[in-house]
Each structure stands twice: as structure tokens, then as C-alpha cells.
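Chemist: everything below, folded, please.
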Amino acid sequence: QVQLVESGGGLVQAGGSLRLSCAASTRTFNSYAIGWFRQAPGKEREFVAAISWSGYTTDYADSVRGRFTISRDNAKNTVYLQMNSLKPEDTAVYYCAARSGPLTTMGSAFGSWGQGTQVTVSS
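Modeler: Numbers count the residues shown, from 1 in each chain. Predicted coordinates:
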């Protein structure tokens, strides 16, 4: 199990930007793929973005592609989600998750989850 802590959420106007961070407590961080997921009130959890252990491979949901960028710094045990051109429909609790294996968009494949950080985009 990997302990994950998200930060960087907040309230922003439509069109604005936020950068989320996901800090992991493990000495083998560079063996984990990391994903970002989000859940809006009354909706199912959905995939947002994911990055492989090396950082060379990434994947995005169609709804955020071109606006969000996922990256990682293995020296700092941290993954980032840069969110630009935010829209009210991006409002949700954002969670990061870790899995010891290949990158995937399936939340059920991730074994460790953070507590989440709230992102609210006002119109």
C-alpha cells in the first residue's frame, strides 16, 4: 500500500488554472503508475489522466485532453496535474491513485487512493 496525499485544490473562475499535487510515501515510487480520477456530486467516479512509472507514457480523458497535463517528479515522489482553461463541469473531488503495474484508465486496477481534494470552478 502506498499513502497518497493530494493538494492544490480550490475555487477558481472559469478559464482559470490550478495545479494539483499528489505526494506519495514510498521508497519505490518510480515503480508505480499514477492516475487522477474525479467524482462530481451525484455522478460516478471518472478517469481524468494517468502517467506511467517512467513518465514517458500518459493518457487523458477526452474531456480534458489539451487542457490538462499530467507529469511526475520521481525524485520528489510527486505527480502533478496542471489544469488550464477550467470549466464549471470540471468541478469535482479529485483523487490520485497508484498501482504497481502498467498505466491503465480503469480505477478498479488501482490499489492505493488518496483522500481527495476539492476543485470548484465558478461560471
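
Chemist: do you know how far residue 106 is from residue 7?
Modeler: Plainly put, residue 106 is 25 Å away from residue 7 if you go by C-beta to C-beta, to the nearest Å. Any C-beta I mention is one placed from the backbone N, CA and C, and that applies to glycine too.

Chemist: which element is residue 34 on?
Modeler: strand 33-39 (DSSP states H and E).

Chemist: now do the contacts for residue 108.
Modeler: Contact analysis of residue 108 by C-beta atoms under 8 Å, 6 or more residues apart in numbering lists nothing.

Chemist: please read the previous query as pertaining to residue 115.
Modeler: Going by C-beta under 8 Å, 6+ apart, residue 115 touches 5-6, 95.

Chemist: ok, residue 14 next?
Modeler: For residue 14, the contacting residues are 86-88, 121-123, by C-beta under 8 Å, 6+ apart.
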